[in-house]
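Novice: One predicted model, sequence on top.
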Amino acid sequence: MRIDIITLLPELMESPLDHSILKRAREKGLLEVQLHNLRDYTPYKHGQVDDYQYGGGAGMVMMAEPLVRCIESLQKEHRYDEIIYMTPDGQRLQQQMANQLSLKKELLIIAGHYKGIDERVREHFVSMEISIGDYVLSGGELPALVLTDAIGRLLPGVLGDETSALTDSFQDGILSPPVYTRPAEFRGWKVPDVLLSGNFPAIEAWREEEALKRTRERRPDLLDEG
Ligand code: ADE
């Protein structure tokens, strides 16, 4: 899969792409991520990419022209399955959405800044608008990285243990059960006996029960919707 990201802050985005799972995915050639600096596409003087909003009001708006130039120049080389704009008024990111996006071949993500991007770009180019939660961040860079990570780790071959993405919280609509590792006793606190029993059906049953209990306690909404 290939993901192109349009941003004003490519340096901000480099490190998370260059560590851990995303780094490995890129090194293995399973995920290609290219960052594009919007300033390289502006026809305006001094690298201007934003301006005051019509009608007045606080906050600058990202201008249509640099964005459209950048998008159209990328579209000459790529046929994007989706052009995604990260915005707090978008559709809330859920595991199911990440699963579906992980099946695509080429995605373009726009990380906005300031007050947002000129509405005409949203109307004429953007095919999906995604929010990572009901709070406002100072830019779309962190949300674009969140989305890239959520998608990248699902690509076949990225995670060492092929099953581990499938057993994540949310994958089957509920939270994950508690997990433990060595030692079996720490400061007098013991790992539940069943996990040490070697009785795999019993372990499976325990995990299911604990996952349901945790979901009931913390996220009853997940059970209501299912
Ligand atoms: N840009 C600023 N805040 C955001 C959010 N919560 N989700 C997506 N993009 C954003």
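Specialist: Everything's here; your move.

Novice: G90: what secondary structure?
Specialist: When the structure is split into helix, strand and coil by DSSP: H, G, I helix; E, B strand; the rest coil, G90 lands in strand.

Novice: I'd say it and I130 touch.
Specialist: Yes. Judged on Cβ atoms under 8 Å, G90 makes contact with I130 at a distance of 4.5 Å. The way it works is simple: take the backbone N, C-alpha and C, and place the C-beta from them, glycine included.

Novice: a strand runs through T87, doesn't it?
Specialist: Yes. According to three-state DSSP, T87 belongs to a strand.

Novice: and the residue nearest the centre of the chain, how far is that from Q94?
Specialist: With distances taken as Cα atoms, centre = their mean, the chain has L147 as the residue nearest its mean C-alpha position (1.2 Å). L147 sits 11 Å away from Q94, going by Cβ to Cβ, to the nearest Å.

Novice: Please apply the same query to M86.
Specialist: Here the distance between M86 and Q94 works out to 15 Å (Cβ to Cβ).

Novice: who touches I84 in this structure?
Specialist: With contacts defined as Cβ atoms under 8 Å, 6 or more residues apart in numbering, the neighbours of I84 are 107-110, 126-130, 147.

Novice: ok, so of the residues you listed, who is nearest the ligand?
Specialist: When the contacts of I84 are ranked by distance to the ligand (Cβ to the nearest ligand atom), I130 comes first, at 6.3 Å.

Novice: Just the residues contacting the host helix or strand of that closest one, thanks.
Specialist: According to DSSP states H and E, I130 maps onto strand 128-131. In this structure, residues lying in contact with strand 128-131 by Cβ under 8 Å, 6+ apart are 82-93, 97, 122, 143, 147.
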